[in-house]
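[1] this is the structure alone, sequence omitted:
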Ligand code: ADP
Ligand code: MG
């Protein structure tokens, strides 16, 4: 079994990596050697190890009340929000959950590209607001997995339309709930980078959040800031995905480990996605990574994260900061 599953959300700590004891970093490095998958799909043994964790013979059990409105956010741009939304959305649809993925990155939308649906977006939410089309006309159904639908807010390169804000997105989510086809199980909102109006709009209807971060200090600081803002907005269910993890760099102590990230952000871990050239290839082909056959490690990691999202699970806790108390053979000797 992929033992990263047993890793835990440590208590948030203000310690900087440099301030930690060498004993701690050695333990972390040692643990990562055992837990993290390598960065590409070459190691078949590793793939089968992760593969065995996924229980393909059963559907994950839906936790919570439909629809679960999940915003995928990060603060920093380019860390993998859209990649996460596309791949998790597709995994959920493959498990026959009804999913609507909303691209709330108004000016720079690209979720349609990642899903390979760019040629099929004729109408957007703006046309729905203006009364030029119905909501179901603006929803683009994926032909491969028909439980996935895409909704774009606006045409590419347009600025945030006047009057579009949190209330408008809440209205859209309510309209999705009341569709005659039935309420979706998941509404995934792909959030724009930054913490300005676009971010506020995207988080307004959400009741859960997935914070995507990479293991670097700039991304972590932004993720921390965003987590604070989400909490201020009343979103309590926040999980994180650590993306673009390179085990070779972690071993060389050139990259922060997942445990370091957990410790700094203090968020439950939904998934650890390795750096994988296949992600870039699939982005450019408009063919989400999770559809690749044979599956790559990053694809399997997304699959596992989707599974955890459905079951409202997170990687279990091991208090890594607690050093085991050494007991001598004769207890009275101390
Ligand atoms: P965001 O939506 O946060 O701006 P994207 O999802 O668009 O970020 O990803 C930015 C770039 O990073 C894309 O080119 C994508 O292919 C690449 N990328 C994302 N995740 C990975 C990964 N795990 N390995 C390699 N490249 C990745
Ligand atoms: Mg994006």
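    Yep, that arrived. Only a predicted model underlies this, so the values are computations on that prediction, with no experimental measurement involved. Ligands and ions are numbered 1, 2, ... in the order given.
[2] which residue does the stretch 201-334 of the chain have closest to ligand 2?
    residue 212 (9.6 Å; C-beta to the ion). (Each C-beta comes from the backbone N, C-alpha and C, glycine too.)
[3] who does residue 73 form a beta bridge with?
    residue 211 (DSSP bridges).
[4] surely it and residue 225 touch.
    No: contact status for residue 73 versus residue 225: not in contact, 10.8 Å apart, counting by C-beta atoms under 8 Å.
[5] name the helix or strand for residue 71, please.
    strand 68-73 (DSSP states H and E).
[6] give the next helix or strand downstream of that strand.
    Following strand 68-73 toward the C-terminus (DSSP H and E): helix 81-94.
[7] can you point out the buried residues in the helix or strand following that following helix?
    Next helix or strand after helix 81-94 toward the C-terminus (DSSP H and E): strand 99-103. Buried residues in strand 99-103, counted by 16 or more other C-beta atoms under 10 Å: 99-103.
[8] before we move on, back to that, more neighbours: which of residue 73 and residue 225?
    Ranked by neighbour count (other C-beta atoms under 10 Å), residue 73 and residue 225 place residue 73 first, with 31 against 13.
[9] next, the contact list for the more buried one, please.
    Residue 73 is in contact with 81, 191, 199, 202-203, 209-212, 226, 230, counting by C-beta atoms under 8 Å, 6 or more residues apart in numbering.
[10] do residue 222 as well
    Contact analysis of residue 222 by C-beta under 8 Å, 6+ apart lists 74-76, 213.
[11] which one of the residues you listed is nearest to ligand 1?
    Comparing these against ligand 1 with C-beta to the nearest ligand atom picks out residue 74 as the nearest, at 5.5 Å.
[12] now do the same contact list for the closest one.
    Taking C-beta under 8 Å, 6+ apart as the test, what residue 74 contacts is 80-81, 191, 193, 211-213, 219, 222-223, 226.
[13] most neighbours among those, please name it.
    Neighbour counts for those peak at residue 191, which has 30 neighbours (criterion: other C-beta under 10 Å).
[14] could you give the bridge partners of residue 99?
    Going by DSSP bridges, residue 99 is paired in beta bridges with residue 148, residue 186.
[15] pLDDT below threshold where in the stretch 1-150 of the chain?
    For the stretch 1-150 of the chain, the stretches flagged by pLDDT under 70 are 1-57.
[16] which stretches of it form helices?
    Ranges of helices in the stretch 1-150 of the chain, per DSSP state H, counting those that start in this stretch, are 22-35, 44-53, 81-94, 111-114, 125-129, 135-138.
[17] residues in contact with the residue of the chain found nearest ligand 2?
    Using C-beta to the ion, the point where the chain gets nearest to ligand 2 is residue 82, with a distance of 3.3 Å. Each residue near residue 82 by C-beta under 8 Å, 6+ apart is listed here: 103, 105, 110-111, 114, 190.
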